[in-house]
Structure formats: structure tokens, C-alpha cells
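Enquirer: Below: sequence and its predicted model.
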Amino acid sequence: MNSPLESSTFDIDHRFTQQSGLSTGPVPLEPYYSEEFYQAEKEQIFKRAWLVIGRVEDIPEPGDFMRRDVTIAGVSVLLTRTKGGKIRAFHNTCSHRGTEVVMAREGKASRFVCPYHNWTYRNDGSLMGVPDERAFFGVDKSKCGLEPIAVSIWEGYIFINLQKAPEVTLEEFLGPLADYLAGVPYTFPDNAFVVRADVGANWKIVSDAFLESYHIPAIHPETIGATFSSNENPFARLLDAKLLGQHAHVSMYGNPNFELQEKHKIDRVAQKLEGAGSVISANKLDDMQQFLAHPVVNPTKTSGWSMDSVHIFPHTHINWGPGGFWLHQFWPLAVDKTRHEARFFMAKPMTMRQRLQQELYVARVLEVIAEDLCNMERTQRGVSAGAKQFMQLQDNEVAIRRSIDNVMRWASAGTVKEALAA
Amino acid sequence: MSDANMLPAEFADLERFVAHWAKPTVNERVDARCRSTMAEITEFYDVLIVRASDILDYLDQFPLHDMPEDAARLAQLLLALVQASVAVEIQGQPLPPKTEYPFRVELVGGVAPYGY
């Protein structure tokens, strides 16, 4: 049972940053607009860190595959589930003359045929057939499989690492987060709706926007402003912030007295009133009890809660609220361009009433992301103008401070172990 | 049954909204709202919101993924009401504040039927 907030919760101005050991000073903006810095991020972060690339439910059956592009690293990744049920990852590059083998974004196949000269691979990466093999000069087929990429699974998340021999294991990379976040019973992980936007902003500007709720009353006044702030917490201060190695967990306030007004007629028609506290909730609360009871979901166990955001450095956020979980990913395309992909996991509708509830949820998500996106592009233009060398961060933006501190350390660290020393 | 605007008989009076609002995907319904004036949105909203419960009761008699064509069109109108409600009930204007349209935010998967 969640308890009400104590009235003094938001009285302390600096609850999080000082005890985290991070600096409280201004933070450099160069990493948000410098082409040179972007190149360092490519080599030092995205080619060395473990990266979330999907969930195991994305390729549930033997023979399932998906192709994902890590644009910043210039790598097309082929993920397969083999006959034995193992998940493998490969460079999507033919051993013959280097052509990309798989064009489909996902599908089911026991073998892959390169479109150029029909070289054929099994889904465990091994080379199966070479047309007119006798014309070659003794090709050793056992050495000409698809080039493997390191892959590791944690709590249903598939991670890849683009280092040929990763310097650290996924467990070392996750550090204290691995145990802290263990055993979350993710709801409906096999069914997500996906929202995508190519945003004209640096990947960190996009990521940062989802790590704080300070902006919500200003950018989302009508959509979600009234659910994330109130008279007792007018500036949407955080309920909690935990820094776990280089990862972070922030818990956001939700106005416990929020009620749909008379004008919100469509919600009454769809009868989705049972989950008061946040409009970001389409699944019935009773399906959620087990999930919501986990110690890291709403960690302060207060009724005045809206959502949590867990930053898995560098480019993924796991989020959850009263209606389930969702993921944000920020794939850099250029120093000032990001592919933002958000996946919201929820039950498939079985009736038109449920379909209407889903439409309401989807519509509000699209609305909120549209509000964010235009703001991110304004931010990028402002930053790129070069007028300011530093930004100011307040206590409730501590997860942004953690993130940019990581970025700077990774960019200069000679080894991954050094980079991990947060 | 060749009339593309055909709705179930008891909802025939809503046919004037079909061409503009009964779109087969979420993205097109967002587009219909964002390219409409507030007057157009309000006119559609005011008529539909008082019929929404009846529409829902009518549609609930069919399997979600196997509706007759006229019912499917009605379902798309009801789903478009969600977009109209965003403008009328939430934003008070066709677009969200501090934004420019098109947003380039797109639904790319996972909603059915009449999803993306």
C-alpha cells in the first residue's frame, strides 16, 4: 500500500547532487555541438560501451531475426535466434566482397542469402554455400562465417558490444544497477507500440529531456503538467534520485489529487478512470499489482508518484508508471541529429472499448513527444549558436549531470575500466 | 454498398464527417486534426462526443479485427474523435503549444486495428 507524501519532502533544496559526489558547478556545452567531440563519442563510447539493442521478446522463436543499424558506428547488426534458442549477433557483412547480407528489418529465416552473389549463411553465422566454389582458390568456409558481435542478455534486454573482445563484461558495465534492478516483472513485454522521430538535436539533448521533470509544467502545461506538479510541488521536484555506477534512477512526482475535469469527456466514455494520478496509464491497475510492488518501481512507495526513469548509459532509458513500462532510445545520427525511438509496452486490445483506450494513450504519447521534439530542436539551435560555453543544472537535474560527467570521462579514458570509474 | 461514405443506418447522419475524419491510421488522424481549423474540429467533436457511447456500444458487438466495412468506418470516426478531443479538451487549439507542424513524430508499429 502506498503512503501519502510527507509535506516536507520538497522543502530541501539540495537533496541529491552534493551527496552524489558530483560537482555542483556549471557544465560545459561543447559536447552538445562539437563535431570533434562527436567523433570521440563514436570511438570512445559507442564502440566501447555495452549498448541495449532490443529485448528477447523481439526475436522470441528459433529462426527469428532482426537487423538494427548503429549509425554512429557505421555498423549494421544482425541478431538471430538459433535452433537451440540462443541469441547471436553478427556484422551484417558478407565474407565474399563485403555486401550487406540482410536487407529486411526483421523476419524468420534459417539461412541468409547475400543479394550480390548468393553466398549463403546459417543463422548461427556459419557459411553454408558458395556458388561456383571451384572457381575460388581454396576458400576455407569454416573461417568465412559472419563476423560475430559480442552479445549478452540481462533481465530480458539484449546488449551488444562492438569491441572485438569487450574489455569488461556486461555485469561489470552495469555495476550496482544489475542487482538493484533485478527481478522487475515487466508487464506485456511482447507487445509494444513504437513511436519514432528523427530529431534535429544532439542525442544527449534528447536524452536529457527525459531525465528531469522540471520542464514539464512549462513544456507540457495542458497534456501532463497537472499530473506532474501541484501547489505542494509547483516545480515538479523529484521524489528520489539514485546514482548507480554510471547509471541513474530518478523517480518523478505525480499529483495525487489530480482528477479528470468535467471537460475530459472522452475519458469518461472510454471508462479509464480507475488509474487516477497520471493520464499516462491505459492498462488496468489490477494487472499491475505485482509489477508495482517491486521495490524499485515507485521506490519511495508514495501515492504521489507519476513515473520513474532509469538511465542505462549511454543511450537507453527504462521507464515505468502506473500503467506499465516503456523504453526510450537515442541513436545518434550526426552531432545534431538523433533517431529517437520510444516503445510503450501494453496489452493488446480485445474489444473496441479497449482499442479506444489504446488510442487515447497513443494520442497523448504522440502529443507529449511532439511538444518535447520542437523544444529539443530549439535547444540545439541555441546551443549550436556558441554564445554560451556552459549550462546551469539544478539539483533535480542530477541525472543529466551524471550522464554528461560519464560522457566526458568516457571520451578521454584510455581504457573502459578507467571510463567506468564513476 | 458502393458508397464510400456508408455508415451503419443508425449513424447515417454522421456521413458528412467521413471523408475528412475516417482515416485508417493514427498518423493520418493526427494529420487530419493538425491541418484543421478549431472550428472544423469543434463541429466534429460536438456532434460525435454525445454519440460516442452509442457508437462504442454498437461497435462492441463485432470482433475487433473483423468488422463489416460500414462499422469499420464508424470505428475510424470514433478513433478520430480522440484526436479532436486532444484539441478541444486538452490543448484548446489544433496544435500543441510551442510547436510547429508537421512534427515528424510518427507511430511506426504496434497498434491495431487502424493503427499505423
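Expert: The structure has been received and is ready for your questions. Numbers count the residues shown, from 1 in each chain, chains lettered A, B, ... in the order given.
Enquirer: does the helix ranked longest in chain A come close to chain B?
Expert: Ranked by number of residues, the top helix in chain A under DSSP state H is helix A:352-384. Yes: using Cβ under 8 Å from any Cβ of the partner chain, helix A:352-384 comes into contact with chain B via A:352-353, A:355-356, A:358-360, A:362-364, A:366-367, A:369-371, A:373-375. To be clear about C-beta, it is placed using only N, CA and C from the backbone, and glycine gets the same treatment.
Enquirer: Could you report the pLDDT at the residue nearest to the spatial centre of chain A?
Expert: What sits nearest the mean C-alpha location of chain A, by Cα atoms, centre = their mean, is A:Thr316, with 2.6 Å. Per-residue pLDDT puts A:Thr316 at 98.
Enquirer: Now do the contacts for it.
Expert: A:51-52, A:327-330 (Cβ atoms under 8 Å, 6 or more residues apart in numbering or on different chains).
Enquirer: With A:Gln19 instead?
Expert: By Cβ under 8 Å, 6+ apart, A:Gln19 has no neighbours at all.
Enquirer: got the phi/psi numbers for it?
Expert: phi -70, psi -10 (degrees, to the nearest 10).
Enquirer: Please report the distance of it from chain B.
Expert: Distance, A:Gln19 to chain B, by Cβ to the nearest Cβ, to the nearest Å: 35 Å.
Enquirer: Minimum distance to chain B, which residue of the stretch 151-300 of chain A gives it?
Expert: Residue nearest to chain B within the stretch 151-300 of chain A: A:Phe193 (3.3 Å; Cβ to the nearest Cβ).
Enquirer: wait, is that residue part of a helix?
Expert: No: if the criterion is DSSP: H, G, I helix; E, B strand; the rest coil, then A:Phe193 is strand and not within a helix.
Enquirer: Show me the beta-bridge partners of it.
Expert: Note on A:Phe193: beta-bridge partners A:Phe344, judged by DSSP bridges.
Enquirer: tell me the contacts of it?
Expert: Per Cβ under 8 Å, 6+ apart, neighbours of A:Phe193: A:343-344, A:346, A:358, A:362, B:107, B:109-111, B:115.
Enquirer: Which single one of those residues is nearest to A:Asn406?
Expert: A:Arg343 (23.5 Å; Cβ to Cβ).
Enquirer: is it true that A:Arg339 touches A:Val195?
Expert: No: the criterion here is Cβ atoms under 8 Å, and A:Arg339 misses it with A:Val195 at 11.5 Å.
Enquirer: So these two - more neighbours on which side?
Expert: Set A:Arg339 next to A:Val195 and count neighbours by other Cβ atoms under 10 Å in any protein chain shown: A:Val195 wins out with 26 against 17.
Enquirer: so who does the more buried one touch?
Expert: Contacts of A:Val195 (Cβ under 8 Å, 6+ apart): A:341-344, A:365-366, A:369, B:105-108.
Enquirer: can you tell me how far it sits from A:Ile87?
Expert: 25 Å (Cβ to Cβ, to the nearest Å).
Enquirer: Repeat that for A:Val27.
Expert: From A:Val27 to A:Ile87 the distance is 38 Å (Cβ to Cβ).
Enquirer: for A:Ala178, same thing?
Expert: From A:Ala178 to A:Ile87 the distance is 18 Å (Cβ to Cβ).
Enquirer: Quick one: residues contacting the residue nearest to A:Gly84 when sequence neighbours are not counted.
Expert: The shortest distance from A:Gly84 to any non-neighbouring residue, by Cβ to Cβ, 6 or more residues apart in numbering or on different chains, is to A:Pro62 (7.4 Å). Counting by Cβ under 8 Å, 6+ apart, A:Pro62 makes contact with A:81-85.
Enquirer: In terms of helix, strand or coil, where does the residue nearest the centre of chain B fall?
Expert: Closest residue to the average C-alpha location of chain B: B:Ala80 at 1.5 Å, with Cα atoms, centre = their mean. Three-state call for B:Ala80 (three-state DSSP): helix.
Enquirer: what's the spacing between it and chain A?
Expert: Using Cβ to the nearest Cβ, B:Ala80 is found at 9 Å from chain A.
Enquirer: Test my guess that that residue contacts B:Lys23.
Expert: Yes: counting by Cβ under 8 Å, B:Ala80 does reach B:Lys23; the two are 6.6 Å apart.
Enquirer: from the chain's centre, how far out does the biggest strand by length in chain A sit?
Expert: Ranked by residue count, the top strand of chain A under DSSP state E comes out as strand A:324-334. Taking Cα atoms, centre = their mean, to the nearest Å, one finds strand A:324-334 lying 4 Å from the centre of the chain it belongs to.
Enquirer: List the neighbouring strands of it plus their orientation.
Expert: In the sheet, strand A:324-334 lines up with strand A:316-321 (antiparallel), strand A:337-345 (antiparallel) (DSSP bridges).
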